[in-house]
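Enquirer: compute the structure for the input listed below.
(2 chains)
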Amino acid sequence: DTEVTQTPKHLVMGMTNKKSLKCEQHMGHRAMYWYKQKAKKPPELMFVYSYEKLSINESVPSRFSPECPNSSLLNLHLHALQPEDSALYLCASSLDGGSNQQARTEAFFGQGTRLTVV
Amino acid sequence: SQQGEEDPQALSIQEGENATMNCSYKTSINNLQWYRQNSGRGLVHLILIRSNEREKHSGRLRVTLDTSKKSSSLLITASRAADTASYFCATDRFSSGSARQLTFGSGTQLTVLP
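Expert: All right, here's what the predicted structure looks like:
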């Protein structure tokens, strides 16, 4: 199984809603990532989990809240979003995420959740 | 923050021609990776080159890395219409201690005309 599965594929939510994006991988990868991508732009890193611990938070607003319940699952909880948060949200995983310079950091991406905030 | 810049931003070629994309970056890296993205979908890893390597091949792909110039290039030979996609370089570096960070360049939109 070399897949990263994201659900839902599409999500439309109001600014007062609470929703969650889910990501799952069964490749035994120990690093998982959330990226945000606007149209015609590169993915921007939001969060990195390494060995189930949050290791990077790229100054993301608190209305985005990540959670890593176990090594296979990654969630992104959304609350009180703004229309400018509409984007493609990508989850990725890699085998390693640690300090070994030879670590395997090739990322496997899910197909993304297309989020529209109305 | 944006680590890499790519050029050209857009490239249009005929099927069978070669396509070359360039990437420049700013800080020291562990490795540099290239990814492909079809419109609105997830990214697919193409090739990784480590900081102590200068050139790497994989099928029709050839990647070079010049750490003194902080630049890399991706060459796709004998292009096909199915190669039409956005191509991103990504730099792998340490961030905040031992955490690894993969940061993407601005991307090149490649169109291969049949």
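
Enquirer: the helix or strand where B:E5 lies - contacts with which helices or strands?
Expert: Counting by DSSP states H and E, the element that carries B:E5 is strand B:4-7. Judged by 3 or more Cβ pairs under 8 Å, 6 or more residues apart in numbering or on different chains; DSSP states H and E, strand B:4-7 is in contact with strand B:19-25, strand B:85-95. For the C-beta atoms, the positions are set from N, CA and C on the backbone; glycine is no exception.

Enquirer: adjacent strands (with direction) for the shortest one?
Expert: For strand B:19-25, sheet partners with direction are given as strand B:4-7 (antiparallel), strand B:71-76 (antiparallel), following DSSP bridges.

Enquirer: the first one: which residues count as buried?
Expert: Judged by neighbour count using 16 or more other Cβ atoms under 10 Å in any protein chain shown, the buried positions of strand B:4-7 are B:4-6.

Enquirer: could the residues you listed be laid out in a markdown table, adding pLDDT?
Expert: Listed next are these as a markdown table, based on pLDDT from 0 to 100:
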| residue | pLDDT |
| --- | --- |
| B:G4 | 71 |
| B:E5 | 81 |
| B:E6 | 85 |
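
Enquirer: what about the helix or strand harbouring B:K56, average pLDDT?
Expert: Using DSSP H and E, B:K56 falls within strand B:55-58. Averaging pLDDT along strand B:55-58 gives 97.

Enquirer: contacts for it?
Expert: By Cβ atoms under 8 Å, 6 or more residues apart in numbering or on different chains, the residues outside strand B:55-58 that reach it are B:46-49, B:62-65.

Enquirer: what's the first helix or strand after it?
Expert: That would be, after strand B:55-58 and using DSSP H and E, strand B:61-66.

Enquirer: what's in contact with that following strand?
Expert: B:32, B:34, B:46-47, B:49, B:51, B:53-57, B:71-77.

Enquirer: narrow those to those that are buried.
Expert: Using 16+ other Cβ under 10 Å, the buried ones in the contacts of strand B:61-66 are B:32, B:34, B:46-47, B:49, B:71-74, B:76.

Enquirer: reformat those residues as CSV; add distance to B:Q109 and pLDDT.
Expert: Compiled in CSV, those are given as follows (distance: Cβ to Cβ, whole Å; pLDDT from 0 to 100):
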residue, distance to B:Q109, pLDDT
B:L32, 20, 94
B:W34, 14, 97
B:L46, 16, 97
B:I47, 19, 96
B:I49, 22, 95
B:S71, 20, 96
B:S72, 18, 97
B:S73, 17, 97
B:L74, 13, 97
B:I76, 13, 98
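
Enquirer: could the residues you listed go into TSV alongside distance to B:N18?
Expert: What follows is those, written out as TSV (distance: Cβ to Cβ, whole Å):
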residue	distance to B:N18
B:L32	20
B:W34	15
B:L46	16
B:I47	16
B:I49	19
B:S71	18
B:S72	16
B:S73	11
B:L74	11
B:I76	7
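
Enquirer: any idea which of the residues you listed is closest to B:T91?
Expert: B:L32 (5.5 Å; Cβ to Cβ).

Enquirer: how about that closest one, secondary structure?
Expert: Of the three states, B:L32 takes strand under DSSP: H, G, I helix; E, B strand; the rest coil.

Enquirer: ends of stretch A:110-118, how far apart?
Expert: End-to-end distance for stretch A:110-118: 24 Å, by Cα to Cα, to the nearest Å.

Enquirer: low-scoring stretches of the chain, by residue?
Expert: No chain was given, so I picked chain A. In the predicted model, chain A carries pLDDT under 70 at residues A:1-2, A:97-102.

Enquirer: chain B, not that one
Expert: B:1-3, B:95-99.
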